[in-house]
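Engineer: I'll drop the sequence and a predicted model, then ask my questions.
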Amino acid sequence: MALVLRYVDKNGEVVERFIGLVHVSDTSACSLKKEIYSLLSDHSLSPSKIRGQGYDGASNMKGEINVEDFFDHVTNVLNVVGGSFKCRDLLRHHQAENLKQLLESGDAHTGQGLHQECGLQRPGDTRWGSHFKILDNFLVIFSSIVHVLEVIEIEGSTSSDRNQAEYLLTKIESCQFFLLLGIGRLNPVNSFSNFDKGRIMTLAKYYPSEFDDGKLRDLSYQLDTFIIHMRGGNSKFSNLQRIRDLAKALVEANLVETNSLVYLLVKLTLILPVATETVERAFSSMKHNMKTRRGQL
């Protein structure tokens, strides 16, 4: 078993650290938990500080949020929404209308490289780096995807198409999706075009240890001033593309203290429970070494 820690450092950078390998003969949940806690203790790390866990292939350790199933649903949604020229045209038209409204309201700004059209990229391999790019894209065009599915649900050419659209709509409106897609409401792309205070507050409620009733009230006030500041034309925040870019920009602009709860939520979204690229690199290296040794025998 390989253990990797993912955290956000004092500079707002997302860091992954390979902690070590442990041989386990029993892969039950209790045994794995015991070995994980033992390895953390060896490095003077407290399990109480853990805010998410991800497991690569350990089905007996999966909790309420099954990331593999989540991406299966995302793939099915993208296949349906991108399954015809009509659907893709509907998607583009809705994206264009959303952008037009944002520009007219002043919530988005024009500029070179901004507001580029997002396509329907699908998972082409099992690498988590690929999955993250797909999720990023999915978050940006989420409202347009919902719009297309709603149209198919009513106007689909066959009952099978209509039923499938209805099923996928129920899936993407489930708690799992609201949790994992809630991070998209903090995505700074297109001048925070996906910002949704209500869904961000819902996301915060998934972390009761950090956000009690008092902290939730304070977060609500901070979000109001935060979005005004972000859309105020400051060049440091106008061209951000990812949440990790936002974390770094807040640190560099010395805005962490005044937006402490928003920054805390940003950090929590950056360490959501997923299998990390470092895990994959570790196992890839192990496989390579094993093959090399076999070739020497």
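Structural biologist: On my side now, so go ahead.
Engineer: so where's the chain uncertain?
Structural biologist: By pLDDT under 70, the low-scoring segments of the chain are 52-68, 102-136, 175-176, 178-181, 273-297.
Engineer: what's the domain layout of it?
Structural biologist: Split into domains by automatic domain parsing, the chain comes to 2-64, 67-270.
Engineer: so which of the ones you listed is the most packed in?
Structural biologist: When the domains of the chain are scored by mean count of other Cβ atoms under 10 Å, the highest mean neighbour count falls to domain 67-270 (a mean of 16). (C-beta placed from N, C-alpha, C; glycine too.)
Engineer: Contact partners for Leu5?
Structural biologist: Glu16, Arg17, Ile19, Leu45 (Cβ atoms under 8 Å, 6 or more residues apart in numbering).
Engineer: What separation is there between Ser191 and Leu90?
Structural biologist: Remark: distance between Ser191 and Leu90 (Cβ to Cβ, to the nearest Å) = 24 Å.
Engineer: Actually, Val251.
Structural biologist: Val251 is 40 Å from Leu90, by Cβ to Cβ.
Engineer: circling back to that earlier point, specify which member of the contacts of Leu5 is nearest to Leu149.
Structural biologist: Nearest to Leu149 among the contacts of Leu5 is Glu16, at 34.6 Å by Cβ to Cβ.
Engineer: Give me the phi and psi angles of that closest one.
Structural biologist: phi -120, psi 130 (degrees, to the nearest 10).
Engineer: One more: Arg6?
Structural biologist: Dihedral angles (degrees, to the nearest 10) for Arg6: phi -120, psi 130.
Engineer: Wait, it touches Ile271, no?
Structural biologist: Yes - under the criterion of Cβ atoms under 8 Å, Arg6 makes contact with Ile271 at 5.1 Å.
Engineer: Which strands or helices does the helix or strand where Phe71 lies pack on?
Structural biologist: Phe71 is part of helix 67-81 when elements are defined by DSSP states H and E. Using 3 or more Cβ pairs under 8 Å, 6 or more residues apart in numbering; DSSP states H and E, the elements in contact with helix 67-81 are helix 85-105, helix 128-140, helix 142-155, helix 159-172, helix 175-182.
Engineer: could those helices go into a markdown table alongside distance to Lys10?
Structural biologist: Output for these, formatted as a markdown table (distance: least, Cβ to Cβ, whole Å):
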| stretch | distance to Lys10 |
| --- | --- |
| helix 85-105 | 34 |
| helix 128-140 | 23 |
| helix 142-155 | 32 |
| helix 159-172 | 36 |
| helix 175-182 | 25 |
